[in-house]
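1. Please work out how this folds:
(one chain, ligands or ions: 1)
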Amino acid sequence: MLLNPYGMVYVLRLGHRLGRDKRVTTHVGLVARAFGANGFILEGCDESVLGSLRKVLSVWGGDMVVECCSSGMEVVRSWKDAGGEVIHLTMYGLPLDDVIDAIRVSPKPKLVIVGARRVEWFYYENSDYNVAVGNQPHSEVSALALFLDRLFRGRWAYIRFGGAKLRVIPSSRGKVVVRVGGPREGSDEGSRGFHKGSG
Ligand code: SAM
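-> Predicted coordinates for the structure are as follows:
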């Protein structure tokens, strides 16, 4: 469990293009989960993305909310009405180093927005922070990972994902995976095995 002082840290993915963005959007969701967000909202309901994320949650654990919406603007409005703050990641924003302390000390729930294609002006105007992870164009995946890492000061690395069916045992070589709750979980042998096909 990650000590999340904000209650909710949700990621809103804008501009998803069916087919073309499936892999990148799935990766945005995977980064959200792995780096400590507890909600992922996809603008546009692509069940193939949502299904992939739910499958990862069921195997590897965690209780991140996964949902879709028809309007990211509505999500922003209701997030702010409920007292939360909105952080839009964009190469045109203020440097991460300059704003991360203020974002971190604010106890407000956080909605972190990442785009795909051009992001509408509404988001620049209505976000509490437009944050640049460097001022060069790169990727929503890298921008989100770096932002969450800095927000949580690296503590995401110690999250224990509740409800996991499988858990990785770090090893210097190979892929060592145990079935959680299996007869010999935690021993050197038992359910431990080398999985070649699980990514
Ligand atoms: N011109 C876009 C922008 O405003 O950052 C880059 C488009 S990029 C293909 C898609 C998304 O990646 C952006 O909407 C933004 O969320 C994120 N992104 C890319 N580079 C970034 C950077 N240097 N800092 C923060 N976010 C970035």
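
2. How about the contacts made by the one residue in the chain that gets nearest to the ligand?
-> Nearest to the ligand in the chain, going by Cβ to the nearest ligand atom, is Gly115, at a distance of 2.5 Å. Every C-beta, even on glycine, is put in place using the N, C-alpha and C of the backbone. Listed by Cβ atoms under 8 Å, 6 or more residues apart in numbering, the contact set of Gly115 reads 14-15, 90, 123, 140.

3. And these, which is closest to Trp60?
-> Glu140 (21.5 Å; Cβ to Cβ).

4. Spatially, what comes nearest to that closest one if we skip its sequence neighbours?
-> Excluding its sequence neighbours, the residue lying closest to Glu140 (Cβ to Cβ, 6 or more residues apart in numbering) is Val114, at 3.9 Å.

5. State the number of residues packed around Gly61.
-> 19 (other Cβ atoms under 10 Å).

6. same thing with Ser71?
-> For Ser71, the neighbour count with other Cβ under 10 Å is 10.

7. any idea how far Lys165 is from the residue nearest to it when sequence neighbours are not counted?
-> Distances taken as Cβ to Cβ, 6+ apart put Glu43 closest to Ser71, at 7.1 Å, once the chain neighbours are dropped. As judged by Cβ to Cβ, to the nearest Å, Glu43 and Lys165 stand 30 Å apart.

8. higher neighbour count, the two?
-> Between Glu43 and Lys165, Glu43 has the larger neighbour count (other Cβ under 10 Å), namely 22 against 12.

9. how about the more buried one, what does it touch?
-> Glu43 neighbours (Cβ under 8 Å, 6+ apart): 12-16, 68-72, 75.

10. okay, those residues in CSV with secondary structure next?
-> Shown next, in CSV, are those (DSSP: H, G, I helix; E, B strand; the rest coil):
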residue, secondary structure
Leu12, strand
Arg13, strand
Leu14, coil
Gly15, coil
His16, coil
Cys68, strand
Cys69, strand
Ser70, coil
Ser71, coil
Gly72, helix
Val75, helix
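
11. Among those residues, which one is most surrounded by other residues?
-> In these, the most neighbours by other Cβ under 10 Å go to Arg13, 29 neighbours.

12. Give me the number of neighbouring residues for the closest residue to Arg33 other than its chain neighbours.
-> Using Cβ to Cβ, 6+ apart and skipping the chain neighbours, the partner closest in space to Arg33 is Met64 (4.7 Å). Met64: 23 surrounding residues under other Cβ under 10 Å.

13. Test my guess that Met64 contacts Asn38.
-> Yes: between Met64 and Asn38 a contact is recorded at 5.4 Å, counting by Cβ atoms under 8 Å.

14. dump the residue contacts of the residue lying closest to Lys110 once chain neighbours are set aside.
-> In space, and not counting its chain neighbours, Lys110 is closest to Val9: 4.8 Å by Cβ to Cβ, 6+ apart. By Cβ under 8 Å, 6+ apart, the contact set of Val9 is 36-39, 109-110, 112, 148, 151.

15. The ligand next: which of those are close?
-> Among these, no residue is within reach of the ligand (Cβ under 6 Å from any ligand atom).
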